[in-house]
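Visitor: Show me the folded form of this:
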Amino acid sequence: MKFLRYFLIIGLIALGVIQFFRPEKNTGDYATITAFEAETNATAEVKAILKTNCYDCHSGVTEYPWYAEVAPISFWVDEHVEDGKKHFNVAAWDSYSLKKKDHKLDELIEEVEEGEMPLDAYTWLHGNMTSEEKEVLENWAKGVRAQLQLQMASE
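Guide: Numbering: from 1, shown residues only. As a prediction, the model looks like this:
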């Protein structure tokens with residue numbers, strides 16, 4: 001019984017101490033998002049879908065929920081954001097080649113069709129995309145890909 005008490009005390013102390021160590025926040029510039037939306041001709045509906053389901057992990061701007069302030073959850077959220085930006089980051093859209101933009105949109109379509117995006121861990125708390133929203137997002141991405149492929153063919 002004493003062992004359990006000491007274990008709990010040490011655990012509470014460790015939990016208190018870890019609160020002083022925070023990952024850096026993902027607070028970028030909304031201009032990078034608007035540049036992406038302008039280049040891809042995102043409609044108001046597509047913008048809303050992207051804002052609700054994608055930008056927290058795939059842009060330079062993240063709207064952090066209250067629980068992201070509590071360690072160790074803050075580290076878990078940060079890992080998701082950093083991993084998401086590694087795979088596709090709308091803030092880096094201008095630096096992508098036409099071929100890479102096409103590939104990223106192809107991945108977006110595939111991930112949404114297969115139900116891999118948004119992640120389950122995200123949808124548990126933020127809600128999932130409806131089938132209509134998925135269709136709108138996929139159709140938009142396919143249209144942008146078609147334009148990119150025309151641009152690549154003309155080069």
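Visitor: which residue packs closest to Lys47, ignoring adjacent ones?
Guide: Taking C-beta to C-beta, 6 or more residues apart in numbering as the measure, Lys47 lies nearest to Glu37, with 5.7 Å between them; neighbours along the chain are not counted. Quick note: C-beta positions are derived from backbone N, CA and C, even for glycine.
Visitor: who are the neighbours in contact with the one you found?
Guide: Each residue near Glu37 by C-beta atoms under 8 Å, 6 or more residues apart in numbering is listed here: Val46, Lys47, Leu50.
Visitor: Filter these down to the ones in helices?
Guide: Val46, Lys47, Leu50 (DSSP state H).
Visitor: Including pLDDT and neighbour count, could those go into a markdown table?
Guide: A markdown table is the format used below for the ones in helices among the contacts of Glu37 (pLDDT from 0 to 100; neighbours: other C-beta atoms under 10 Å):
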| residue | pLDDT | neighbour count |
| --- | --- | --- |
| Val46 | 94 | 20 |
| Lys47 | 94 | 17 |
| Leu50 | 92 | 21 |
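Visitor: Can you give me the neighbour number for Phe56?
Guide: To be clear, residue 56 is Asp; Phe isn't right here. Other residues near Asp56 come to 22 when the count uses other C-beta atoms under 10 Å.
Visitor: Which parts of the protein are helices?
Guide: 2-18, 30-39, 44-53, 55-58, 73-87, 98-113, 120-126, 131-154.
Visitor: Taking the centroid of this protein, which residue is nearest it?
Guide: Closest residue to the average C-alpha location of the chain: Cys57 at 2.0 Å, with C-alpha atoms, centre = their mean.
Visitor: For that residue, give its distance to Lys86.
Guide: Note on Cys57: its distance to Lys86, by C-beta to C-beta, to the nearest Å, is 10 Å.
Visitor: got any ranges where this protein has weak pLDDT?
Guide: Applying pLDDT under 70 to the chain picks out residues 26, 122-127.
Visitor: run the last query once more with 90
Guide: In the prediction, the chain carries residues with pLDDT under 90 at positions 1-35, 52-85, 87, 91, 111-112, 114-131, 148, 150-155.
Visitor: That'll do, ta.
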